[in-house]
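[1] Model the structure of this input:
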Amino acid sequence: MQSSDFRSAIVDYIRQQAKPVDKFSHQPRLYELTRAIGAGQSYDDDVVFAAIRLHDLGVFVGHRPEEPETLAKWDFLGYVMKQTPEILRHFGFPAKKIPAVVEAIRTHQPKDNPATIEGIILRDADILEQLGAVTVLRTVCKIGRDTRFKTFSDALKVLQKNADTLPGQLKLPTSRALAEPRLQVLQQFLEAAQAEGCAAEM
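    Numbering: from 1, shown residues only. Here you go, the predicted structure:
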């Protein structure tokens, strides 16, 4: 199978699995960010591409538990790491690259410290998705449908934490430069929301 074939197959699979449907748009945005971050870097784009597409599989409806108590304890990352090799083999992804995909997924969260360039690029891109206008949209749409977000105040607390803590966790200079305008937008939104009384408990 050619690269374009397994890529198309993976995209089609995630398009079918991404529920709620707004979760699908995260992956193409993330891939474009990795291309910007990775400019001038030597890395395996197949690994980054596959890790991007599959890293959130465990948070999709149909893959995660629905009972609140079980969901609160859900190891979405463990689920993704277990499912990824079989999915990639099914779509003809190069077998020798699968461990690198799993490793990039394993270390994609802000708390992690990836040891591979693919992992660093993915992690930085995922952090950038938690800044700017995109993170406002992604967070606000969870109010009322995610047990973590019952009120506007819940969402604003997460957005403020993002603004306060995430920029300093970016690894690459290119990522830090890309973060600057996003952080400015996020801070302006938070200031406006506070001024308009959105932080008050509902």
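
[2] Against residue 19, how distant is the most centrally placed residue in the chain?
    Geometric centre of the chain, nearest residue: residue 126, 4.5 Å, by C-alpha atoms, centre = their mean. Counting by C-beta to C-beta, to the nearest Å, the gap from residue 126 to residue 19 is 20 Å. Using the backbone N, CA and C atoms, a C-beta is placed for each residue, glycine as well.

[3] again, but for residue 83
    For residue 83, the distance to residue 19 - C-beta to C-beta - is 16 Å.

[4] Residue 75 too?
    Distance of residue 75 to residue 19, given as C-beta to C-beta: 19 Å.

[5] more neighbours, the two?
    residue 19 (14 against 10; other C-beta atoms under 10 Å).

[6] Skipping adjacent residues, who's closest to that one in space?
    residue 61 (4.1 Å; C-beta to C-beta, 6 or more residues apart in numbering).

[7] The one you found bridge partners, please.
    residue 64 (DSSP bridges).

[8] Next, count neighbours for it.
    Residue 61 has 13 nearby residues by other C-beta under 10 Å.

[9] What is the helix or strand where residue 122 lies packed up against?
    Element membership for residue 122, per DSSP states H and E: helix 117-128. With contacts defined as 3 or more C-beta pairs under 8 Å, 6 or more residues apart in numbering; DSSP states H and E, helix 117-128 has these neighbours: helix 26-37, helix 45-54, helix 98-106, helix 173-195.
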